[in-house]
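J.: Next input, structure requested:
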Amino acid sequence: MDMDLNGIKPKNDKGKSFCNNVWRWRPLWEYCFVVKAINAQSANKGAFNDGNKITERQTIKIVRILKEEIKSGRTKEYEIKRNKLLSELPLVKCEICNGTGKRKIEGKVSTCNGCEGKGIVKDFSTWYEFNVQNVENFIEFCENSGGFTIW
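T.: Prediction:
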């Protein structure tokens, strides 16, 4: 019997895994909570790679809600508003060089590679990416997964 490590048998290859790094996963999972595709407990547990199980029944709900959101245009609106908000955040002091624009490495002082010598950088939250395509990819995975575990 073909089963993954968690005892869940995917419906097909498209449901075997969904790979997102932390920069894409957290905004996606947060969006699922915002649109009420998951509850607060799942939202909290899903932010970590500690084995949170999502049942097939839960994936059916996720798929239904996310498809409705995309079809209505609300997912695209969310992406645009989120990106606009992030782009308007003020620059912050570079933590690598403590805002000096200089770094001391092996006894040599050089330009900070974190801020390119400016002493300021984009806010950390701008590293987290959200887009409709990622939501669509997640829907396809959920439809074919039979449930999944977040590792």
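
J.: Look at Asn98 and say how many residues are nearby.
T.: Using other C-beta atoms under 10 Å, Asn98 has 12 neighbouring residues. Bear in mind the C-beta positions are built from the backbone N, C-alpha and C, glycine included.

J.: heads up, I number from 42, so please use that
T.: Renumbered: residue one is now 42, and that last one reads Asn139.

J.: how much space between it and Lys52?
T.: To Lys52, Asn139 is 52 Å away according to C-beta to C-beta, to the nearest Å.

J.: Determine the three-state secondary structure at the most centrally placed residue in the chain.
T.: The residue lying closest to the centre of the chain (C-alpha atoms, centre = their mean) is Trp66, at 2.2 Å. Of the three states, Trp66 takes helix according to DSSP: H, G, I helix; E, B strand; the rest coil.

J.: Show me what the longest helix anywhere in the chain is packed up against.
T.: Secondary structure assigned by DSSP state H gives helix 97-113 as the longest helix of the chain. Judged by 3 or more C-beta pairs under 8 Å, 6 or more residues apart in numbering; DSSP states H and E, the packing partners of helix 97-113 are helix 63-75, helix 115-128, helix 173-186.

J.: got the angle between the first one and helix 97-113?
T.: The reference is to helix 63-75. Between helix 63-75 and helix 97-113, the angle comes out at 90 degrees (axes from the mean of the first three to the mean of the last three C-alpha atoms, to 10 degrees).

J.: can you list contacts of helix 63-75?
T.: Outside helix 63-75, the residues that touch it by C-beta atoms under 8 Å, 6 or more residues apart in numbering are 61, 79-81, 83-84, 87-88, 103, 106-107, 116, 119, 123, 168-171, 175-176, 179.
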